[in-house]
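> Below is the sequence, then the predicted model.
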Amino acid sequence: MPRLTLDEDWYRHYDETSLYTRQDVVRALSAFLQYAGYTIVPPEVIGFMKPDVAAERAGGGQRYRMIFVVREGINEAVEGFRQLASAKCFRKDSLDYVLALPPVSEHFLIEFLIEREEWFFPIKDGLFQLWLVNPSREKVDCILGWPRDDDFRHYFANPQLAAFASYIAEKATAKIMAQEFG
Amino acid sequence: MYQAPTELDELFDGVEIEISPRWMGQRIRKDDMHLELGGPKHGYQSYIHVEVARHPDDVEDGRIELIGPDINEVEPGSSFPFGVWLRCWGSQLTEDHVDPLIRAGFMPFEQGEGWMLVNTRDTIWIRLNKESAPKNSWHRMGQSLLGMAKINFPLVERGEALIIIASPEVGGVGLIKKILDTTIRPEWEAYDARLMGLEDEDVDVFYGCTLCQTFAPNHVCCITPQRNPYCGIMSYLGAKATVEIDPYGYSFVMPKGECLDPVMGRYTGVDQTVYERSSRTVKRVNLYSALKYPQTNCGCFEAAAFYIPELDGIGLVDRRYPGDTPIGMNFSKLAGFMSGGNQNHGTMGLSIRTPKSKKFLQGDGGWERIVWMPKEYKILLAECIPEELYDKIATEEVGIDIPTLKRFLIDVQHPIVTRFWKDGTPVPLRIPKSNEPWPGDD
């Protein structure tokens, strides 16, 4: 897959070095999904994109389908979400849409989401998810959003981290207030 | 008046909305809202309050009382002051549990499909979007509030809710203000006073938190009565209650052990726990120092303290200040350098409230070592900066270049000049690299 340029002027490049390759993350993510009872299925083209990982599970009278775009760090996050948004145009709410990254700097993530850039609301509005996958520690956490399949609560390393969205949203309040109340 | 189910497996029967972290952090714009409660439009005269009842008979389990219009009875775009009062009882429930219990009570608003929750206590602001309005009623929301309190907080055995939607017909903002002023605010103030009055010497144990280890694998946060976590989301009493509810979670007891240095804030129990929980990376922590063996930093700190070698002083900066500091970095660069879970001598993350502690940086000289901070942050902290020092701490209005600051500190007779400098000249410390000991220490 060709590497996309990040220098597009309208979003920022972070001084971050990738600790893991996409293949490392794909491997660890796939193992985690299988551990959580999912079957890894061959990814199919959806409109203009092809997911890196697709998985599904049936349980409790429901069928859960998820697609994942895997990237190597925060510098590729906007492009990753763009892929997911593209897929959502075609498959609407029939899937869970997840961007999987290796561990990233928390401070950079805060800046990416709200402090210096404003990607938090587009992510929330689209109900996209952001997972962090640590191949060395074999741990996965959901940082933004939450899967429809609530059983993941028992598999994420730290399910309480979902509260990160609340922390970020509190910081975002000032911007909404400025927009509505001047 | 409604009666909600009280059996555990029926708590959410009939609730049509999804309550899940999936919906956490939603923001609903004015044009999309069906209903607004509290917030700036009403001068924040609103509340969600939790009362711990003393006797089981004081609580009618599952009772939900609504005063004011229901959700389907108001025009789209309506806005009212409001109050939600949860009265809970449990044989082991105490006043110490109020803080985390309020958070549990917030959950249906915070994680409810179509709801937006901003802030807490008397700055609370809630919205419900048009799309989800038909699936909601105050009966079901009351049921969700009681249900979430019970499943997230198993110490709650009985609960009832009083919901006031303060339309003009039921008394408007005057009704809510009266309840706030006569009952609720005094309770909040008493709780805060108790928390503020608590000192590290008063307690037998501290608490720790490793929530941020996903980002910063070796980071361990120490929570004491006089030292809040950097993120500012938890107090000592909140951490205590969290551990009681979930003893195997990300918060844990941190035994104090023996106090080796009361000024620096060094305890054998803290050293041992941090060492074990930091993947055996950090051997020593001084709770009240940014210079020597400070706590590790995650990345969600609200502000930071940083050493300025050329002035042998410490600067403070918060996230909102966009400009450069006297060390040539803005907050963003500084945070990028100091975050990640390493022990970086000379830097320390802070919550906005941290400088209000009496032990704030006491190992480094306290406020007498602070030489620079942004003007706005200084105003925010005005009440905790010693009066005689307030005008002696430089801001960006004085400058950020070292010669100007040095001259300013001498001119205003900042105590750093006589207490820390030698013959009127700063002598910079030789700060060790990350995770390395100071010379002479093992």
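It's in.

> From here on, just use CA atoms for contacts and neighbour counts.
Will do.

> Number of residues surrounding the residue in the stretch 101-250 of chain B that chain A sits nearest to?
Of all residues in the stretch 101-250 of chain B, residue B:215 sits closest to chain A, at 5.5 Å by C-alpha to the nearest C-alpha. Residue B:215 has 23 neighbours, counted by other C-alpha atoms under 10 Å in any protein chain shown.

> Got phi/psi on it?
Backbone torsions of residue B:215, given as degrees, to the nearest 10, read phi -90, psi -40.

> Near chain B, which residues of chain A? Just list them.
The interface of chain A toward chain B, taken as C-alpha under 8 Å from any C-alpha of the partner chain, is made up of A:103-108, A:110, A:121, A:124-125, A:127, A:132, A:141, A:144-148, A:158, A:160-163, A:165-166, A:168-170, A:173, A:176, A:180.

> Mind giving me the ChimeraX select for these, buried ones only?
ChimeraX command restricting the residues of chain A next to chain B to the buried ones, with burial defined by 16 or more other C-alpha atoms under 10 Å in any protein chain shown:
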select /A:103,104,105,106,107,108,110,121,124,127,132,141,144,145,146,147,148,158,160,161,162,163,165,166,168,169,170
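
> Take the residues of chain A next to chain B and keep only those in helices.
A:106-108, A:110, A:121, A:124-125, A:165-166, A:168-170, A:173, A:176, A:180 (DSSP state H).

> so residue A:31 is in which element?
helix A:22-35 (DSSP states H and E).

> The helix or strand that that helix is followed by pairs with which strands, and in what direction?
Using DSSP H and E, the helix or strand that follows helix A:22-35 in sequence is strand A:39-41. Sheet pairing of strand A:39-41 (DSSP bridges) gives strand A:53-59 (antiparallel).

> Hey, what's the angle from the partner strand to helix A:22-35? Just curious.
Orientation of strand A:53-59 against helix A:22-35 (axes from the mean of the first three to the mean of the last three C-alpha atoms, to 10 degrees) gives an angle of 10 degrees.

> CA atoms only: put stretch B:249-258 into CSV for me.
The C-alpha coordinates for stretch B:249-258 follow below in CSV (Å, rounded to 0.1, in the frame of the first residue of the first chain):
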residue,chain,number,x,y,z
GLY,B,249,-9.1,-2.0,39.2
TYR,B,250,-6.7,0.7,38.0
SER,B,251,-6.8,2.5,41.4
PHE,B,252,-5.1,0.8,44.3
VAL,B,253,-4.0,1.3,47.9
MET,B,254,-0.5,2.7,48.2
PRO,B,255,0.8,2.0,51.8
LYS,B,256,2.7,5.0,53.2
GLY,B,257,5.3,2.9,55.0
GLU,B,258,7.9,5.0,56.9
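
> That stretch: which residues count as buried?
So, applying 16+ other C-alpha under 10 Å, buried residues of stretch B:249-258: B:249-257.

> thinking again about what came up before, wait, what's in contact with the residue nearest to the residue of the stretch 101-250 of chain B closest to chain A when sequence neighbours are not counted?
Closest residue to residue B:215 apart from its sequence neighbours, by C-alpha to C-alpha, 6 or more residues apart in numbering or on different chains: residue A:106 at 5.5 Å. Counting by C-alpha atoms under 8 Å, 6 or more residues apart in numbering or on different chains, residue A:106 touches B:215-216, B:298-300, B:339-340.

> got it, and residue B:240?
Taking C-alpha under 8 Å, 6+ apart, we find residue B:240 in contact with residue B:207.

> In terms of helices and strands, where is it?
Taking DSSP H and E as the definition, residue B:240 sits inside helix B:236-245.

> cool, and residue B:253?
Using DSSP H and E, residue B:253 falls in strand B:251-255.

> Let me know the average pLDDT across that strand.
Across strand B:251-255, the average pLDDT comes to 95.

> and the angle from that strand to helix B:236-245?
Using the same axes, to 10 degrees: strand B:251-255 against helix B:236-245 is 110 degrees.

> Give me the spatial nearest neighbour of residue B:283, chain neighbours excluded.
Leaving aside its sequence neighbours, residue B:283 sits nearest to residue B:275 (C-alpha to C-alpha, 6+ apart; 5.1 Å).

> Mind listing what's buried along the helix or strand where that neighbour lies?
Taking DSSP H and E as the criterion, residue B:275 maps to helix B:268-277. Judged by neighbour count using 16+ other C-alpha under 10 Å, the buried positions of helix B:268-277 are B:268-275, B:277.

> Now render those residues as TSV, adding pLDDT.
Shown next, in TSV, are the buried residues of helix B:268-277 (pLDDT from 0 to 100):
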residue	pLDDT
B:268	98
B:269	97
B:270	98
B:271	97
B:272	97
B:273	97
B:274	97
B:275	96
B:277	94
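
> Closest to chain A out of those?
Nearest to chain A out of the buried residues of helix B:268-277 is residue B:277 (C-alpha to the nearest C-alpha; 14.7 Å).

> ok, the closest one - contacts?
Contact analysis of residue B:277 by C-alpha under 8 Å, 6+ apart lists B:218, B:220.

> Excluding chain neighbours, give the residue nearest to the closest residue to chain A within the stretch 151-300 of chain B in space.
Closest to chain A within the stretch 151-300 of chain B is residue B:299: 4.4 Å, counting by C-alpha to the nearest C-alpha. Excluding its sequence neighbours, the residue lying closest to residue B:299 (C-alpha to C-alpha, 6+ apart) is residue A:107, at 4.4 Å.

> That neighbour reaches residue B:302, doesn't it?
No: with contact defined as C-alpha atoms under 8 Å, residue A:107 does not reach residue B:302; the gap is 10.4 Å.

> any low-confidence regions in the chain?
All of this refers to chain A. Chain A contains residues with pLDDT under 70 at A:1-9, A:174, A:182.

> let's do chain B instead
B:122, B:442.

> the inter-axis angle of the top helix by length along it versus helix B:236-245?
Ranked by residue count and defined by DSSP H, the top helix of chain B is helix B:138-152. Calculated by the same axes, to 10 degrees, helix B:138-152 forms an angle of 80 degrees with helix B:236-245.

> Partner strands of the longest strand seen in chain A, with direction?
Among the segments of chain A that qualify as a strand by DSSP state E, the longest is strand A:62-70. When pairing is defined by DSSP bridges, strand A:62-70 lines up against strand A:53-59 (antiparallel), strand A:96-101 (parallel).

> and residue B:288, which of those strands is closest to it?
Closest of the strands paired with strand A:62-70 to residue B:288 is strand A:96-101, at 35.5 Å (criterion: C-alpha to C-alpha).

> what's that closest one in contact with?
For strand A:96-101, contacts defined as C-alpha under 8 Å, 6+ apart pick out A:25, A:64-74, A:77, A:80-81, A:84, A:88, A:127-133, A:147-148.

> are any of the residues you listed buried, and which?
A:25, A:64-74, A:77, A:80-81, A:84, A:88, A:127-133, A:147-148.
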